[in-house]
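# For reference, the sequence and a predicted model appear below.
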Amino acid sequence: DVKVTQSSRYLVKRTGEKVFLECVQDMDHENMFWYRQDPGLGLRLIYFSYDVKMKEKGDIPEGYSVSREKKERFSLILESASTNQTSMYLCASSFSSGTGNFGPGTRLTVT
Amino acid sequence: ELKVEQNPLFLSMQEGKNYTIYCNYSTTSDRLYWYRQDPGKSLESLFVLLSNGAVKQEGRLMASLDTKARLSTLHITAAVHDLSATYFCAVDINLTTDSWGKLQFGAGTQVVVTP
């Protein structure tokens, strides 16, 4: 079974902190994605990557950056966390064709 | 900009009855996905619909896709308590490759099944 793991299930950070959310997949997938999920809005794509060191903006990239130094790892970075970034963050990965898999999610609270 | 609208957003179901969730989207796409999410859990893939007229069934759930009407439906037959969850449809907005993942999601339909 494909495994997509995220470093934390729950995270509490203070406003202004730099926050790293890590995602690791074990199936050699080329593509990796970060989504955030908010009630009533569904999931929205933040950033994605089709290859190592490549990244592309999704629908809501403001306030976020990403890093993909290794194929299996995709990090989401909140440079200066704000309360409106309190959300559930879901990572996903896939091959170039075919469907993908979501990770368990990280519920981030910024106070 | 692609918009994906699900309705209803909340569905209270009685056990044993049939219900339908609708997913409308605003631009051309022939790839649509249905997911289930239990509270506090991640998304579980239910159906992948890849062409006009596609119909998939699994147990009490059946999904269909009409790309001309830009409509997908998730039909629940004889609802049972185990189907209580939030259901999302998602439309693939990357039409230039086969690559999955650049998805536009509906807001989700919260389903509660009661006796």
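Perfect, thanks for sending it.

# Any residues of chain A in contact with chain B? List them.
Applying CB under 8 Å from any CB of the partner chain, one finds that chain A approaches chain B through A:31, A:33, A:40-45, A:48, A:50, A:58-59, A:90, A:92-94, A:96-105. Heads up, the C-betas are built off the backbone N, CA and C, glycines and all.

# Now, of those residues, which are buried?
A:31, A:33, A:42-45, A:48, A:50, A:58-59, A:90, A:92-94, A:100-105 (16 or more other CB atoms under 10 Å in any protein chain shown).

# How about stretch B:103-114, which residues are buried there?
For stretch B:103-114, a neighbour-count test (16+ other CB under 10 Å) marks B:103-111, B:113 as buried.

# CA atoms of that stretch as PDB?
Extracted as PDB, the C-alpha positions of stretch B:103-114 are listed here (Å, rounded to 0.1, in the frame of the first residue of the first chain):
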ATOM      1  CA  LEU B 103      -8.000  19.100  -8.400                       C
ATOM      2  CA  GLN B 104     -10.800  21.600  -7.700                       C
ATOM      3  CA  PHE B 105     -13.000  20.300  -4.800                       C
ATOM      4  CA  GLY B 106     -16.600  20.800  -4.000                       C
ATOM      5  CA  ALA B 107     -17.400  22.100  -0.500                       C
ATOM      6  CA  GLY B 108     -18.400  18.600   0.600                       C
ATOM      7  CA  THR B 109     -21.700  17.000   1.700                       C
ATOM      8  CA  GLN B 110     -22.000  16.000   5.300                       C
ATOM      9  CA  VAL B 111     -24.100  12.900   5.500                       C
ATOM     10  CA  VAL B 112     -25.700  11.700   8.700                       C
ATOM     11  CA  VAL B 113     -27.700   8.500   8.600                       C
ATOM     12  CA  THR B 114     -30.100   7.900  11.500                       C
END
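
# what helix or strand does B:Gln6 sit in?
When secondary structure is defined by DSSP states H and E, B:Gln6 falls within strand B:4-7.

# elements contacting that strand?
Using 3 or more CB pairs under 8 Å, 6 or more residues apart in numbering or on different chains; DSSP states H and E, the elements in contact with strand B:4-7 are strand B:19-25, strand B:85-92.

# Given the shortest one, what are its sheet partners and their directions?
According to DSSP bridges, the neighbouring strands of strand B:19-25, each with its direction, are strand B:4-7 (antiparallel), strand B:71-76 (antiparallel).

# what about A:Tyr10, how many neighbours?
Counted by other CB atoms under 10 Å in any protein chain shown, the residues lying close to A:Tyr10 total 9.

# Oops, could you answer that again for B:Thr28 instead?
11.

# returning to what we had before: out of the helices and strands packed on strand B:4-7, deepest packed?
strand B:85-92 (a mean of 24; mean count of other CB atoms under 10 Å in any protein chain shown).

# Quick one: mean pLDDT over stretch B:65-76.
For stretch B:65-76, mean pLDDT rounds to 95.

# quick one on the thing from earlier: okay, the helices and strands packed on strand B:4-7 in a markdown table with mean pLDDT next?
Below are the helices and strands packed on strand B:4-7 laid out as a markdown table (pLDDT from 0 to 100):
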| stretch | mean pLDDT |
| --- | --- |
| strand B:19-25 | 97 |
| strand B:85-92 | 94 |
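
# can I get the ones you listed in TSV with distance to B:Ala78?
Below are the helices and strands packed on strand B:4-7 laid out as TSV (distance: least, CB to CB, whole Å):
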stretch	distance to B:Ala78
strand B:19-25	10
strand B:85-92	16
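
# just to revisit the earlier point, run through who's touching the strand holding B:Gln6.
Outside strand B:4-7, the residues that touch it by CB atoms under 8 Å, 6 or more residues apart in numbering or on different chains are A:42, B:21-26, B:88-91, B:104-109.
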